[in-house]
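> Mind looking at a prediction? Sequence and model below.
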Amino acid sequence: MKMGEKPGKFRAGFTSPLMHTNRIVTKDIAINGVVPRGIEEQVEAKKTLFVLLENFSLASFTGALDVLVTANLLTRSPVFEIQTASMDGHHIVSDLGIEITVNTAVDSVLSRDVDMLIICGGFRTPLISLPSLNRLISACNKKDAWIGGLWNGAYFMAAAGLLGLHQGAIHPECREILKEHFPLTRLSKASHVVDESYFSCAGSHGAISVMLEVLEKLLGSNMKKGVSSILLTESHRPINSVITNSVAMFSDKLMSIIDLMENNLEEPLEIAEISQYTALSKRQVERLFLRYFFTTPSRFYLELRLNRARQLLMQTNYKVCEVAMACGFKCSAHFSRSFKLVYGSSPAVFRVRS
């Protein structure tokens, strides 16, 4: 669609420029010396819509898209008919500054024309209310469409009420904000989750993995193996692999302390209280942090709170004083000084730059 052109209605035909026209018949190819069986049968194509949000993760989008397009290459006729949408129907800029021209606007989409809806967010995607997207998600959910979120796309699934009974995965930077806005949401720490017809991933590395698992549920293990053989040049990670986190190798006591800190950012605990809760002496707590983080527990706690503040400044419209309060700073001036020491600029300047 050209700049300035009015977005058209979302047509049922799904004639997508993203779909390859040169298809490969599976009976004519061999993958790793073995012809994949059982994936050449004719199936009805799933009409798939990617909603690309502001500053969406290009890597997540292309990873998920590659799985679907590759599946189309391994069948006699397309199994996925793919289109893209932005909120206003005009071009959308990715996290890498690359503009993508989309097919339509979210408001123009009819839920009856969507079998699979995928919301693609990114590190700098604003986590704000998007009523038109919320309506589309709800409408697609009523007709039992598959619904997924990439990076922080699960936030918008939660906003539509989909993650109360079903688990979701979201980027770690967005977990606290999602839990604050939608406290009943069920979140997994896995890199990706497929729960019935709902799926989500926590970052670009999980995008291929989650789509491969969806592919397996829709078209069987042979299709998944065929696509994996083409896309993955090294061993594929286990389906429920957990997001890499160095804390996993630490002691249970240290992880308990960090959990306490992360769950008490708005009203920080004293180190003495943390010691009491974990049945450790204050000196033992200090030794743990010195051993694993080369810092004091107080400094570590402060940086957790400042990191939370950074997330809120980037992803919400909270005033600086509100961010300070939400992160346990009673004095805005103290908050600003502490933030500048860690991030090199005041909270207000940081928000403008981000």
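Looks like it came in fine. Note that the structure is predicted; figures quoted are calculated from it, not measured. Numbers count the residues shown, from 1 in each chain.
> you'd agree Pro268 is in a helix?
No - if the criterion is DSSP: H, G, I helix; E, B strand; the rest coil, then Pro268 is coil and not within a helix.
> so who does it touch?
Met261, Tyr301, Arg305, Gly328 (Cβ atoms under 8 Å, 6 or more residues apart in numbering). Backbone N, C-alpha and C define where each C-beta goes, glycine included.
> cutoff 10 Å now
When contacts are counted by Cβ atoms under 10 Å, 6 or more residues apart in numbering, Pro268 touches Met261, Ile274, Ser298, Tyr301, Leu302, Leu304, Arg305, Cys327, Gly328, Phe329.
> Distance of it relative to Gly220?
51 Å (Cβ to Cβ, to the nearest Å).
> hmm, back to that, now the buried members of the contacts of Pro268.
Buried by 16 or more other Cβ atoms under 10 Å: Met261, Ile274, Tyr301, Leu302, Leu304, Arg305, Cys327, Gly328, Phe329, out of the contacts of Pro268.
> So the second one sits against Leu280, correct?
Yes - taking Cβ atoms under 10 Å as the definition, Ile274 is a contact partner of Leu280 at 8.2 Å.
> who touches both of those two?
Contacts common to Ile274 and Leu280, judged by Cβ under 10 Å, 6+ apart, are Ser256, Ile257.
> Among the buried ones among the contacts of Pro268, give me the pair with the biggest separation.
Across the buried ones among the contacts of Pro268, the longest distance by Cβ to Cβ is 18.7 Å; it joins Ile274 and Phe329.
> how many neighbours does the nearest residue to Gly149 once chain neighbours are set aside have?
Computed as Cβ to Cβ, 6 or more residues apart in numbering, the closest residue to Gly149 that is not its neighbour in sequence is Ser200, at 4.2 Å. Neighbourhood size, Ser200 [other Cβ atoms under 10 Å]: 33.
> how much space between the residue nearest the centre of the chain and Ile92?
Central residue of the chain (Cα atoms, centre = their mean): Trp151, 1.7 Å from the mean position. Taking Cβ to Cβ as the measure, Trp151 falls 14 Å from Ile92.
> returning to that earlier point: would you mind listing the two of the contacts of Pro268 that lie farthest apart?
Using Cβ to Cβ, the contacts of Pro268 span at most 18.7 Å, a distance reached by Ile274 and Phe329.
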